[in-house]
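Student: Coordinates only, no sequence provided:
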């Protein structure tokens, strides 16, 4: 079972080496984020934000608080992938375009908002879990979009979260979930690494 999408997924590997002379236009960066924002989110909350660190000045601010990892300087762009704490109060606003487009009747909006309020309002851990889930979904979509466009990507968790939040002005409700470098690769990157056997990770019940 294979096709271009599956091949893109199974052939992806985190890039280590980038062409530091290669850049992405702001329009290309916007398109990567647009694709990322088509990923699933709970109750259509869309609780994410993407900070595209692409100028030499911004890269110099990020690098020392992210373990000076080479992709931050060498890749065309490094995204700070932010998840926002799940907040059910934004649901009417987020669903308004669906109502206006005739996809959803207005009477259905409370059917989404009320259970979301019960799920998140008094549960800060669930709010944070949802922030991490949402941001990860978005980052994954961008990773595979980059691969399909012939670009490398490197998701990174090595950074000082408090320093990143302070340096790049994250709001109180925003969690810096990961850094994601994307750019043109140079030779030397590994192919997809072997994975654990299915027998070790799959239960058919």
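Tutor: Sure, I can see it. Since the structure is predicted, the reported quantities are computational estimates derived from the model, not experimental observations. Numbering: from 1, shown residues only.
Student: Looking at this structure, which helix is longest?
Tutor: Ranked by residue count, the top helix of the chain under DSSP state H comes out as helix 124-148.
Student: I'd like to know which elements that helix is packed against.
Tutor: Identification of packing neighbours for helix 124-148 by 3 or more C-beta pairs under 8 Å, 6 or more residues apart in numbering; DSSP states H and E yields helix 4-11, helix 26-36, strand 48-53, strand 77-84, helix 109-120, strand 152-156, strand 174-183. Glycine gets a C-beta too; all of them are placed from N, C-alpha and C.
Student: what's in contact with it?
Tutor: Residues from elsewhere that reach helix 124-148 (C-beta atoms under 8 Å, 6 or more residues apart in numbering): 4-5, 8-9, 11-12, 32-33, 35-42, 45-48, 50, 79, 81-87, 119-120, 152-153, 155, 174-175, 177-178, 180, 182.
Student: at 6 Å what do you get?
Tutor: Outside helix 124-148, the residues that touch it by C-beta atoms under 6 Å, 6 or more residues apart in numbering are 8-9, 12, 32, 35-36, 39-42, 47-48, 81, 83-86, 120, 153, 175, 177-178, 180, 182.
Student: confidence score at the residue nearest the centre of the chain?
Tutor: A centroid search over the chain (C-alpha atoms, centre = their mean) returns residue 139, at 2.3 Å, as the residue closest to the centre. Here the pLDDT value assigned to residue 139 is 98.
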